[in-house]
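K.L.:
Predicted model, plus sequence, below.
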Amino acid sequence: MHYGERPHAYVLSRKVERACHHLRKDRLALKEIALLSGFSDQSHLNRTFRRHKDITPAEYRRQCIS
């Protein structure tokens, strides 16, 4: 375990943080951000992101723009 998390959970949290970075900085489509962040597709990004952040990637992006 690394940083008090199981390895898979740690990897997913890093992918979510990478997605957050892209959502704040890039105007790419969500499917592109999913692939750049290491997710297999946009659906996997949406499910994992919501589980970690209690918000969808699209909602997160809107909040960052506001």
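P.N.:
That came through fine. Bear in mind that the values here come from a model prediction, so they are computed numbers and not experimental data. Numbering: from 1, shown residues only.
K.L.:
contacting residues for the nearest residue to residue 52 once chain neighbours are set aside?
P.N.:
Nearest non-adjacent residue to residue 52, counting by CB to CB, 6 or more residues apart in numbering: residue 16, 4.6 Å away. In short, each C-beta sits where N, CA and C put it, glycine included. Applying CB atoms under 8 Å, 6 or more residues apart in numbering, we find residue 16 in contact with 37, 48, 49, 52, 53.
K.L.:
Does anything pack onto the strand or helix carrying the third one? Which helices or strands?
P.N.:
Secondary structure assigned from DSSP states H and E places residue 49 in helix 42-53. Helix 42-53 makes packing contacts with helix 7-25, helix 30-36, helix 57-65 when contacts are defined by 3 or more CB pairs under 8 Å, 6 or more residues apart in numbering; DSSP states H and E.
K.L.:
For the second one, give me every contacting residue.
P.N.:
Defining contact as CB under 8 Å, 6+ apart, one finds that helix 30-36 is touched by 18-19, 22-23, 26, 28, 40-42, 44-46, 57-58.
K.L.:
Tell me which of these has the lowest pLDDT.
P.N.:
Across the contacts of helix 30-36, the smallest pLDDT goes to residue 26, namely 89.
K.L.:
What sits closest to that one if chain neighbours are left out?
P.N.:
In space, and not counting its chain neighbours, residue 26 is closest to residue 33: 6.9 Å by CB to CB, 6+ apart.
K.L.:
How confident is the prediction for residue 3, by pLDDT?
P.N.:
Residue 3 carries a pLDDT value of 64.
K.L.:
got it, and residue 66?
P.N.:
70.
K.L.:
Give me the neighbour count for the residue nearest to residue 26.
P.N.:
22 (other CB atoms under 10 Å).
K.L.:
do residue 66 as well
P.N.:
Neighbours of residue 66 under the rule other CB under 10 Å: 5.
K.L.:
any idea how far it is from residue 60?
P.N.:
For residue 66, the distance to residue 60 equals 11 Å [CB to CB, to the nearest Å].
K.L.:
for residue 47, same thing?
P.N.:
14 Å.
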